[in-house]
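Trainee: Provided below are the primary sequence and the corresponding predicted coordinates.
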Amino acid sequence: MPQASSPIGVFDSGVGGLSVLRALLAAMPHERFVYLADSANAPYGERGDAFVAARTHAITEYLREQHHIKALVVACNTATAAAIHEVRSSHPELPLVGLEPAIKPALAVTKTGHVGVIGTRGTLTSAKFGKLMASLADQAHFVVQPCDGLAHAIERSVALPVADQGSPVHATETGGLCARYVQAMGSFGTAPGQMDTLVLGCTHYIFVANELRALVGPGVQFIETGEPVARQTRRLLETVGLQAAPDSAVATDAPRTRLLTTGPVAMLQAAAERWLGLPADCCETVSVP
C-alpha cells in the first residue's frame, strides 16, 4: 500500500504536462514526483478516444506497479476527457486529479463577457468538454479554436535554440501556428465585443505564452490549469492523510523528481532543463506496453 512518503504520479502525452509538474513542485516542496511523458504516442489530441483511454489505463497500471504512486495527476486535458471516469472506476482507492480547460475561472475574470478557448481537437470535441460548455453557454460568448499541430510543434521546439527577443512571431514554427489560430478567432482586447480572456486548454500552451502575448496584446488575461491542479492535489492528499511530512525529503535517498519518457530521452532532458531547471540525469526512457 502507498505510504505518505510514496511519490505522486503525473503523466501527459508528452512534455506539456511539465507545466503542471512545475506548479506541483512549487506548491508541495516536501513531496516526491514521478512524471511520465508518453512521447512515443504523442500527441493524444489528434488520436481517437479509444486509443487515449487504453494508454491512460496502461500508464496508470505502470505507475502503480513500478513506482507505487500514492496519487495520480492526469496532466493532460485529452486523457482526462477520454478516460478519467473509467480510471476512477478501475482504481477507486487511488486519489486522482484530472484536467479540463479552465472555463469557470475565465468566467470569473472576464469583463467583456467574450472568452477565447484554445486546445487540442481531442479535448475540444470531447463529450466532457461539450457538456461543460453547454452548462455555461449563457454566461459568456465563447470562441473555441482547435489548434491542430501546435502541441506537437511545441514538443519539437525544445531541441531548438530559444528565439531572439526581437524576432517576429512568425519566425518560428510555433509562432506561426499561434498566429494562424489567434487570427482565426477574431478580435482580442478590452473593448466591448472583444475577447479579453484566453483559456489555454492544453498543458503545452503556457510554453508559448510569449508568442500568444505578442499576438493578443497586453490586456488579455491568460487562464491555465497548473496552479489550480496543484492546490486540488494538495487538498486531496490532506483529506486522505497521505501528505508527506516536512522532513520526508531529507529522510529518503530517493530523488525528489524522476522524469520518464516512452520516446527519445533527449527531448525530455531538453524540456526539463529549459522549463524546470532539472538536470539530464533525472530523465530516462521506459517501456509501457
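Mentor: Arrived safely.
Trainee: and stretch 203-222, how far out from the chain's middle?
Mentor: 15 Å (Cα atoms, centre = their mean, to the nearest Å).
Trainee: hmm, I typed the wrong one, I wanted stretch 178-192.
Mentor: Counting by Cα atoms, centre = their mean, stretch 178-192 comes out at 23 Å from the chain centroid.
Trainee: next: stretch 134-142.
Mentor: How far stretch 134-142 lies from its chain's middle: 23 Å, per Cα atoms, centre = their mean.
Trainee: just the C-alphas of it, formatted as PDB.
Mentor: Extracted in PDB, the C-alpha atoms of stretch 134-142 (Å, rounded to 0.1, in the frame of the first residue of the first chain):
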ATOM      1  CA  ALA A 134     -23.400  23.600 -22.600                       C
ATOM      2  CA  SER A 135     -23.700  24.200 -18.800                       C
ATOM      3  CA  LEU A 136     -22.100  27.600 -19.100                       C
ATOM      4  CA  ALA A 137     -23.200  28.800 -22.600                       C
ATOM      5  CA  ASP A 138     -25.500  31.500 -21.300                       C
ATOM      6  CA  GLN A 139     -22.800  33.100 -19.100                       C
ATOM      7  CA  ALA A 140     -20.500  34.400 -21.800                       C
ATOM      8  CA  HIS A 141     -19.700  34.400 -25.500                       C
ATOM      9  CA  PHE A 142     -17.100  31.700 -26.200                       C
END
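Trainee: for that stretch, buried residues please.
Mentor: Neighbour counts over stretch 134-142 (16 or more other Cβ atoms under 10 Å) mark 140, 142 as buried. To be clear about C-beta, it is placed using only N, CA and C from the backbone, and glycine gets the same treatment.
Trainee: number the chain from 42, please
Mentor: I'll keep to 42 as the first residue from here, and by that count the last item is stretch 175-183.
Trainee: ok, C243 - contacts?
Mentor: 57, 86, 118-119, 159-161, 164, 188, 191-192 (Cβ atoms under 8 Å, 6 or more residues apart in numbering).
Trainee: likewise G86?
Mentor: By Cβ under 8 Å, 6+ apart, the contact list for G86 reads 54, 118-119, 160-164, 192, 243.
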